[in-house]
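Engineer: coordinates only, sequence not included:
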């Protein structure tokens, strides 16, 4: 089996990139930091969802795009982006990266229903490109599918951080997408929703829920959509 680390060695190693409020080495030479504007990753998206419509001008919006489809030399990658369309700065509060606010004491999100947070789907694993480990190493299996170990660890640092989002600017993060384990087809068809509602705040009064949905077509092609909702809305 070929691991992502093997591919990085051949490409000359990984590039160190810091996440706003959280720094550390990336695990992909093509990683992008937790700040985003148009064309930050240097590539046009393959598929993109528009920001959530019909929202107050003072509230941020969320969008998603597919950065790349799965191929022999790399896994599929999606990106979630939060944008501030207002004329005033907005303060976002969340964990190590978008969608990973309270995660350090669990190997996956499957049992977060006990903590009031919707469980994540089991079939797919979202791996933030920015390093948030400890994290087990995905591999390319003999069928050329990018897979994450069935019992692999996925905890991240458990910390709620404040991040200012100036008017008209965006903040986002990319995720590599893996099939969990070897007992299911590669990128099985279906819709997979990943929700972060544990402790995410916009300010002292308003909470926010980040949601990213990855849709997998019968041929394994990905599309992505996202939404941000406010408490009471």
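Structural biologist: Looks like it arrived, so ask away. All figures in this text were calculated on a predicted structure; none of them were measured in a lab.
Engineer: Show the end-to-end separation of stretch 135-148, please.
Structural biologist: End-to-end distance of stretch 135-148 (CA to CA, to the nearest Å): 10 Å.
Engineer: buried sites along it?
Structural biologist: If you call a residue buried by 16 or more other CB atoms under 10 Å, then stretch 135-148 has these buried ones: 135, 138-140, 145-148. From N, CA and C alone the C-beta is placed, and that goes for glycine too.
Engineer: Tell me the confidence at residue 226?
Structural biologist: Per-residue pLDDT puts residue 226 at 96.
Engineer: Over to residue 99?
Structural biologist: Residue 99 carries a pLDDT value of 87.
Engineer: which residue sits closest to it, ignoring its sequence neighbours?
Structural biologist: Residue nearest to residue 99 in three dimensions, not counting chain neighbours: residue 196, with 4.3 Å by CB to CB, 6 or more residues apart in numbering.
Engineer: residues contacting that neighbour?
Structural biologist: 94-95, 98-101, 117, 209-211 (CB atoms under 8 Å, 6 or more residues apart in numbering).
Engineer: What is the most widely separated pair among the residues you listed?
Structural biologist: Across these, the longest distance by CB to CB is 15.4 Å; it joins 95 and 211.
Engineer: Of these two, give the one with the bigger neighbour count.
Structural biologist: Neighbour totals were compared for residue 95 and residue 211, and residue 95 leads with 24 against 20 (other CB atoms under 10 Å).
Engineer: Please report the distance of the residue lying closest to residue 146 once chain neighbours are set aside from residue 186.
Structural biologist: With CB to CB, 6+ apart as the criterion, residue 146 has its nearest non-adjacent residue at 3.7 Å, and that residue is residue 75. Going from residue 75 to residue 186 by CB to CB, to the nearest Å gives 10 Å.
Engineer: what does residue 177 give?
Structural biologist: Separation of residue 177 from residue 186 (CB to CB) stands at 11 Å.
Engineer: about what we covered before: now, the contacts of residue 196 that are in strands?
Structural biologist: Among the contacts of residue 196, the members falling in strands (DSSP state E) are 94, 209-211.
Engineer: Tell me the most packed of those residues, by neighbour count.
Structural biologist: Busiest of the ones in strands among the contacts of residue 196 [other CB under 10 Å] is residue 94, holding 27 neighbours.
Engineer: So for it, what pLDDT did the model give?
Structural biologist: Predicted confidence (pLDDT) for residue 94: 87.
Engineer: Which strands and helices lie in contact with the helix or strand encompassing residue 173?
Structural biologist: Here residue 173, judged by DSSP states H and E, is contained in strand 170-180. Judged by 3 or more CB pairs under 8 Å, 6 or more residues apart in numbering; DSSP states H and E, the packing partners of strand 170-180 are strand 76-83, strand 124-128, strand 146-148.
Engineer: Now that strand: average pLDDT?
Structural biologist: So the average pLDDT for strand 170-180 ends up being 95.
Engineer: how much does it deviate in direction from strand 124-128?
Structural biologist: Orientation check (axes from the mean of the first three to the mean of the last three CA atoms, to 10 degrees): strand 170-180 against strand 124-128 gives 140 degrees.
Engineer: about what we covered before: so the residue nearest to residue 146 makes contact with residue 148?
Structural biologist: No: using CB atoms under 8 Å, residue 75 is not in contact with residue 148, being 9.3 Å away.
Engineer: Overlap in contacts, these two.
Structural biologist: 127, 138, 178.
Engineer: May I have the beta-bridge partners of the last one?
Structural biologist: The residues listed as beta-bridge partners of residue 178 by DSSP bridges are residue 125.
Engineer: give me the element residue 150 is part of.
Structural biologist: Using DSSP H and E, residue 150 maps to neither a helix nor a strand.
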